[in-house]
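S.K.: The following block contains a protein sequence and its predicted model.
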Amino acid sequence: MTQPVIEVHGAVKRFGAVDAASGVDLTIEAGEIFGLIGHNGAGKSTLFKMMLGLIPATAGEIHINGCPVRGPMFREVRRHLGYLPENVVLYDNLSGLETLRFIASLKGVPGEECGAMLERVGLSHAGDRRVKTYSKGMRQRLGFAQALLGNPILLFLDEPTNGLDPEGIREFYRIVREQRDRGATIVLTSHILAEIQQRVDRLAIMKNGKLQALGTVSSLRESMHLPLWFELRVAPESHEALRLALASIAGVEIEFIDERATVRCDRDARMTVLTALSALGDRVTELGIREPSLEDVFHGYCELREVS
Ligand SMILES: Nc1ncnc2c1ncn2[C@@H]1O[C@H](COP(=O)(O)OP(=O)(O)OP(=O)(O)O)[C@@H](O)[C@H]1O
């Protein structure tokens, strides 16, 4: 078995009376795209900073590629990590290209990579402009570019799509997948749950410094036992037949709007409902299934007890 890229055991971070992390256990494997979600102040950025060795944990252990983050060898590992902080700090009087060249020199990366990197994040047209003239989305793109310099093995991206336009968000995830395909591991946070639900391999939900849930979107959905919806087109004269067909199935609720019917059912009853709907033959002219969104899953877990 290969070694996990990230191993967090019992990580605690206390800021005075605030428990920003209280006993977090987390393992992330190489090549994963991993999402960390949670309300404001849940502890996501704090966990990132501890994993990067930027702030010490009050208690617990964190290893990156088998190396303890506060140990003497971590300096070398740190050179192979990329980080986009939540509020990226840039030098306003440098141009975009100068900014990347400066960061490349700190990382020991050849300056020649910088032009191509600017192009990759869609900033080549503005490379000679001072950063102080950049829009919010342009600053974010530059922040992403600096994190990518040097082909890091592990990328920590804290709210990376903040300020990006829809095309920028799509391009961002395209680059993330490219990075994963070349072997990198990516850990990212986002408050836009619809955006990440199709794009992460696994995710963790954080609440009050603890991990509330951990798994794939579909495993979390399954274990929450959230209901799902069948969306149908049924002519009004067949509404009664639909009601009768589903009458004996517990937990089913039907709502009609003209020719549209929405059938809400318990997950465990989905095959029974599907069989009953098939028996209606061509009285059902369209059929679709809507699963609960990641937002539904998130709210469900945030109302539950903590697991770690
Ligand atoms: N340097 C600090 N000093 C004191 N308290 C801090 C410090 N950094 C974070 N905190 C507190 O720790 C808790 C977790 O903060 P953190 O920034 O990790 O949350 P977050 O999940 O990243 O939130 P957001 O989604 O708003 O970015 C908050 O209560 C915050 O006020």
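M.R.: Noted; the coordinates are in hand.
S.K.: mind checking pLDDT for Lys107?
M.R.: For Lys107, the pLDDT comes out at 88.
S.K.: what sits against Phe172?
M.R.: Going by CB atoms under 8 Å, 6 or more residues apart in numbering, Phe172 touches 144, 160-161, 164. For the C-beta atoms, the positions are set from N, CA and C on the backbone; glycine is no exception.
S.K.: between those residues, which is closest to Glu113?
M.R.: Distance to Glu113, by CB to CB, is smallest for Phe144 among the contacts of Phe172, at 14.3 Å.
S.K.: contact partners of whichever strand or helix holds that closest one?
M.R.: Per DSSP states H and E, Phe144 falls inside helix 136-148. Outside helix 136-148, the residues that touch it by CB under 8 Å, 6+ apart are 82-85, 88, 90, 96, 99-100, 103, 117-118, 120-123, 126, 131, 134, 155-157, 160-165, 168, 172, 175, 179.
S.K.: what kind of secondary structure is the residue most central in space within the chain in?
M.R.: For the chain, the residue nearest the mean C-alpha position is Gly35 (3.0 Å; CA atoms, centre = their mean). The three-state assignment at Gly35 reads strand, by DSSP: H, G, I helix; E, B strand; the rest coil.
S.K.: Which parts of the stretch 151-300 of the chain are strands?
M.R.: 154-157, 185-189, 202-207, 210-215, 228-234, 253-257, 260-265, 284-290 (DSSP state E, counting those that start in this stretch).
S.K.: just checking, what packs against the second one?
M.R.: Spelled out, that is strand 185-189. strand 33-38, helix 44-51, strand 154-157, helix 166-181 (3 or more CB pairs under 8 Å, 6 or more residues apart in numbering; DSSP states H and E).
S.K.: Tell me which of the ones you listed approaches the ligand most closely.
M.R.: helix 44-51 (3.2 Å; CB to the nearest ligand atom).
S.K.: So for the closest one, what gets flagged as buried?
M.R.: Neighbour-count burial for helix 44-51 flags 44-51 (criterion: 16 or more other CB atoms under 10 Å).
S.K.: what does stretch 204-218 give?
M.R.: Using 16+ other CB under 10 Å as the test for burial, stretch 204-218 gives 204-214, 217.
S.K.: Just the residues contacting that stretch, thanks.
M.R.: Contacts to stretch 204-218, defined as CB under 8 Å, 6+ apart, come from residues 13, 19-26, 34-39, 42-44, 46-47, 197-198, 200-203, 220, 223, 294, 297-298, 301-302, 304, 306-308.
S.K.: Return the members of the residues you listed classed as buried.
M.R.: 13, 19-24, 26, 34-38, 42-44, 46-47, 197, 200-203, 220, 294, 297-298, 301-302, 308.
S.K.: Pairing partners for Ser95 in the sheet, please.
M.R.: Per DSSP bridges, the residues bridged to Ser95 are Arg130.
S.K.: Format the strands of the stretch 151-300 of the chain as TSV; extra columns: mean pLDDT and distance to the ligand.
M.R.: Formatted as TSV, those follow (pLDDT from 0 to 100; distance: least, CB to the nearest ligand atom, whole Å):
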stretch	mean pLDDT	distance to the ligand
strand 154-157	97	12
strand 185-189	97	7
strand 202-207	96	6
strand 210-215	94	12
strand 228-234	95	29
strand 253-257	94	35
strand 260-265	95	32
strand 284-290	94	28
